[in-house]
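1. I would like the atomic coordinates for the input below:
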Amino acid sequence: MVHQTINTKITPAANASSKISPMRQLLFFRFNPFWASAVVAAIVGSLAGCSTAPVPHSPAPPPMPQDSSALPPVITQAQSRWIPVRWSELPGLEADAVHEAWPAWLQSCQRPAKPWAALCPEVQQLARESVQAQRNWMRQKLQPYRVESHDQRADGLLTAYYEPVLNASRLPRAGFNVPLYTAPADLARRKPWYTRQEIETVSAARAALRGKELVYLADPVDAMVLHIQGSGLVNVTEPDGRQRMVRLAFGGTNDQPYKSIGKWLLDQGLIRDASWPGIKDWIARNPSRLNELLWQNPRVVFFKEEALPASIVPPGPKGAQGVPLTAGRSIAVDRSSIPYGTPVWLRSPGPQTTLDRLVLAQDTGTAIVGAVRADYYAGSGAAAGDLAGRLKQPLQLWVLWPR
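-> Model (predicted):
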């Protein structure tokens, strides 16, 4: 799931090419109340870090191994250095409900990198074991490494992203006239493709997208949010009146740079609050300037439709590793710092939440660059959007690598 973090739009420090940077706004969307309540309930439970599901009974775990063996050498990656440390240095290890990360780990084992192929059968066996047995196995089989930059900086930045839940119409109609497109046939032949403004004003671009409309949204700002996040759950009203939930997954971009509309409004001195409510308030007062604002971001995302299983809460969108993301337990990283599928110990104290937990590196983003940089997948819906809109706080990372 290639996404952008909304804060990048607002924060000059974020990479201008896309994925996001932290968002400081509350995001509220119109969507099916029944579906929303189910999704939000699942998300809130996940983000609380307290599982209500009983941990399966298992025999007494083996004794905790002594943390006294000789440390291995430093490992150097393109964007980072991994410094071996003792397990005792990982904050909150005994408090985290690590079994809640096991579903994400099992997902990564569906597409294991070479170092993990031999251990994935054990990961699968441990899925039904106790939390303490899982911790003990991690201590026995994995070596923690503190992640730092090549200039030995171990502190970085954590932001968050999420999956919007929106209402849409299969055909244009009153109140639903903002199209979302699948990729045009000539996308690969023309790089970069037309800008956002050209897509709406140049006849050749409009002709190339004719018939490529997937659904229509009611609000162009909601469409922009979906472009930034890279995927979303959409409750589609079909021509016969039936409604069904589908996922619009990332299907490519026009290869134009990402530009923040919030930052543009700040730079113009038009607003002081670059949150989504602040942006929408400015639009309400300046409706004739809506296109001028949206055209400041030339980047457009194209989507592909994915059917969802007939379950109340669908699986997460697929990340760059090619496996579904798990709310509260998946992160996006710089792949040149941490390979996909790597279990990571994440430490992030901050005003919004304090996180000491096991997560899996399963996604990436163009604004997620550097040794100690991560985007936390908060889940789907308004509750997740609220957290993602506010999360921007210090970060430390430890990779857990096979011994």
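2. pLDDT weak spots in the stretch 251-400 of the chain?
-> In the predicted model, the stretch 251-400 of the chain carries pLDDT under 70 at residues 311.
3. which is the next helix or strand following whichever strand or helix holds Leu265?
-> Assessed by DSSP states H and E, Leu265 sits inside helix 261-267. Downstream of helix 261-267, the next assigned helix or strand under DSSP H and E is helix 276-285.
4. Which elements pack onto that next one?
-> helix 220-229, helix 261-267, helix 290-294 (3 or more Cβ pairs under 8 Å, 6 or more residues apart in numbering; DSSP states H and E). To be clear about C-beta, it is placed using only N, CA and C from the backbone, and glycine gets the same treatment.
5. Quick check: closest non-adjacent residue to Asn297.
-> Lys259 (4.6 Å; Cβ to Cβ, 6 or more residues apart in numbering).
6. Give me the distance between that neighbour and Val300.
-> Distance of Lys259 to Val300, given as Cβ to Cβ, to the nearest Å: 12 Å.
7. out of those two, which sits in the busier spot?
-> Using other Cβ atoms under 10 Å, the more surrounded residue of Lys259 and Val300 is Val300, with 24 against 18.
8. give me the element Val234 is part of.
-> strand 232-237.
9. Tell me which other helices or strands the helix or strand following that strand touches.
-> Using DSSP H and E, the next helix or strand after strand 232-237 towards the C-terminus is strand 243-253. With contacts taken as 3+ Cβ pairs under 8 Å, 6+ apart, strand 243-253 sits against strand 232-237, strand 301-307.
10. and these, which is most packed in?
-> strand 232-237 (a mean of 22; mean count of other Cβ atoms under 10 Å).
11. hang on, the earlier thing: what residues sit buried inside the helix holding Leu265?
-> With burial defined by 16 or more other Cβ atoms under 10 Å, the residues of helix 261-267 counted as buried are 261-266.
12. Return the member of the residues you listed nearest to Thr326.
-> Gly262 (29.0 Å; Cβ to Cβ).
13. Wait, that closest one touches Ile279, no?
-> Yes: using Cβ atoms under 8 Å, Gly262 is in contact with Ile279, at 6.0 Å.
14. To Ser337, which of the helices and strands packed on helix 276-285 lies closest?
-> helix 220-229 (22.5 Å).
15. and the angle from the closest one to helix 276-285?
-> Helix 220-229 runs at 150 degrees relative to helix 276-285, counting by axes from the mean of the first three to the mean of the last three Cα atoms, to 10 degrees.
16. Just list what helix 220-229 packs against, helices and strands only.
-> helix 6-10, strand 156-163, strand 178-181, helix 276-285, helix 290-294, strand 301-307.
17. Centre of the chain to it, how far?
-> 14 Å (Cα atoms, centre = their mean, to the nearest Å).
18. what angle do it and strand 232-237 make?
-> Using the same axes, to 10 degrees: helix 220-229 against strand 232-237 is 140 degrees.
19. What residues of helix 220-229 count as buried?
-> Buried residues in helix 220-229, counted by 16+ other Cβ under 10 Å: 221-229.
20. got it, and stretch 316-336?
-> Here stretch 316-336 shows 316-321, 323-335 as buried, counting by 16+ other Cβ under 10 Å.
21. returning to what we had before: right, so of the helices and strands packed on helix 220-229, which gets closest to Tyr340?
-> Closest approach to Tyr340 among the helices and strands packed on helix 220-229 is made by strand 156-163 (16.5 Å; Cβ to Cβ).
22. before we move on, the earlier item: any chance of a markdown table for the buried residues of helix 261-267, columns distance to Glu100?
-> Listed next are these as a markdown table, based on distance: Cβ to Cβ, whole Å:
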| residue | distance to Glu100 |
| --- | --- |
| Ile261 | 36 |
| Gly262 | 33 |
| Lys263 | 36 |
| Trp264 | 40 |
| Leu265 | 39 |
| Leu266 | 38 |
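23. Max pairwise distance over the residues you listed: which two?
-> Greatest spacing in the buried residues of helix 261-267, by Cβ to Cβ: Ile261 and Leu266 (9.9 Å).
24. Looking at the buried residues of helix 261-267, which one is closest to Gln132?
-> Closest to Gln132, out of all of those and judged by Cβ to Cβ, is Gly262, at 45.8 Å.
25. Count the residues that sit near Glu122.
-> Quick note: Glu122 (other Cβ under 10 Å) scores 11 neighbours.
26. Can you name every helix or strand that the one helix or strand it maps to contacts?
-> Applying DSSP H and E as the criterion places Glu122 in helix 120-125. Judged by 3+ Cβ pairs under 8 Å, 6+ apart, helix 120-125 is in contact with helix 102-108.
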